[in-house]
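Asker: Got a predicted model here, sequence first, then my questions.
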Amino acid sequence: MTVQSVLKVSYDKLDHTCQEIFLDIACFFRRKHKDFVSRILGSYAMMGIKVLNDRCLLTISENKLDMHDLVQQMGQEIVRQECLKEPGNRSRLWDPDDVVRVLTRNMGTQAIEGLVVQSSLASQISTNSFTKMNRLRLLKVYYSGFLLRAFVENLPQDLDFPCFDLRYFHFKGYPLESLPTNFHAKNLVELNLKHSNIKQLWQGNEILDNLKVINLSYSTNLVEISDFSRVTNLEILILKGCESLESFPAIKGDMSKLREIDLSSTGIEELPSSIRHLKALQHLDFSYCKSLRSLSESICNLSSLETLILDECSETFYHHDFI
């Protein structure tokens, strides 16, 4: 019996939920932070990770998930065996050759639940590349920093995302000025649009009670963010480097989970007095906010605040608030 066969026996003894968690980690999340993976994969992920660790299919070191190369290869081979001839009929795609085949021939199907697209394949993304992938849970489009300009210019401006199950949307250099009109965010847990061209995050009144992390850092064209009253479970908001953003919306409703806000290097001039409602806020970063004029006295009511960073703010701000 080969090593792979022995490992496969361990996999076969897992229940379906643990098998799915194992395959997601093997294909997409090796060496990622445990808390991040648990957040993305959902309520059963923490227990599943414990089971995988107990069965020696997964290791945890410094709170990061890892596995032996042979274990990862076994997991990825299980996915390949789902459909050897047509990668578009597999549940997860990460291999660049398989991804380019699916994108160039428009072979994506509803079988695909997870997809990683490298920057070198950007020119293969068409308007309808994701149209048939209506069960997509995980989508990551990333680039090497020096390829950013080419990456954005080679993308269509009318991407279609009819993905009702999408939980993780990571798209560096996102080329549009707003999310598509048919973007379904109801199940979204993390939105990561670093270095995007986005100007306004979204419109409408849909309650987004699953969304926990929003990262729009270095989206230099961002000029407006809607109020977060419908993102009731938001935990982390990162707007670092959004230099065109000059105002922060009033806090409405219950935002009892929001614990981190990064507004460093933005054009923010002041915070609304309603900031006092963020009772769980622990970390607030205003560093390099050259336009910051004052801080509302309401900030004194942030009972959980542990870190307030004001490095390199304007001299006017320091004069009015601390002298």
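Answerer: Cool, got the structure.
Asker: In the stretch 1-150 of the chain, where is pLDDT below threshold?
Answerer: Low-confidence segments of the stretch 1-150 of the chain (pLDDT under 70): 1, 122, 144-150.
Asker: same thing with the stretch 201-323 of the chain?
Answerer: Looking along the stretch 201-323 of the chain with the criterion set at pLDDT under 70, you get 204, 314-323.
Asker: try it again with 80
Answerer: Where the stretch 201-323 of the chain drops to pLDDT under 80, the residues are 202-206, 227, 229, 253-254, 296, 314-323.
Asker: can you give me the helices in it?
Answerer: 315-322 (DSSP state H, counting those that start in this stretch).
Asker: K85: neighbouring residues, count only.
Answerer: Residues within reach of K85, counting by other CB atoms under 10 Å, total 6. In this view, the C-beta of every residue, glycine as well, is placed from N, C-alpha and C.
Asker: where's it relative to D254, distance?
Answerer: Plainly put, K85 is 51 Å away from D254 if you go by CB to CB, to the nearest Å.
Asker: Could you do R80 as well?
Answerer: From R80 over to D254 the distance is 46 Å, taken as CB to CB.
Asker: now swap in S43 and tell me
Answerer: Distance, S43 to D254, by CB to CB: 21 Å.
Asker: neighbour count winner among those two?
Answerer: Applying other CB under 10 Å to S43 and D254 shows that D254 carries more neighbours, namely 11 against 7.
Asker: I'd guessed that one sits against V231; true?
Answerer: No. If you go by CB atoms under 8 Å, D254 and V231 don't touch, sitting 10.7 Å apart.
Asker: Beyond the strand or helix carrying L65, next helix or strand please.
Answerer: Following DSSP states H and E, one finds L65 within strand 64-66. The helix or strand immediately downstream of strand 64-66 is helix 69-80, counting by DSSP H and E.
Asker: list the helices and strands that next one packs on?
Answerer: Contacts defined by 3 or more CB pairs under 8 Å, 6 or more residues apart in numbering; DSSP states H and E place helix 69-80 against helix 3-12, helix 16-24.
Asker: Helix or strand: which one has V51?
Answerer: Assigned by DSSP H and E, V51 belongs to helix 45-54.
Asker: Now do that helix: everything it contacts.
Answerer: Outside of helix 45-54, the residues within contact range by CB atoms under 8 Å, 6 or more residues apart in numbering are 14, 17-18, 21-22, 25, 34, 37-39, 41, 58-60, 65.
Asker: Quick check: the farthest pair among those?
Answerer: Farthest-apart pair in the contacts of helix 45-54 is L14 and R39; separation 21.4 Å (CB to CB).
Asker: returning to that earlier point: and which of the contacts of helix 45-54 is nearest L211?
Answerer: Nearest to L211 out of those is R39 (CB to CB; 10.8 Å).
Asker: and that closest one, what is it in contact with?
Answerer: So R39 contacts 45, 189-190, 212-213 (CB under 8 Å, 6+ apart).
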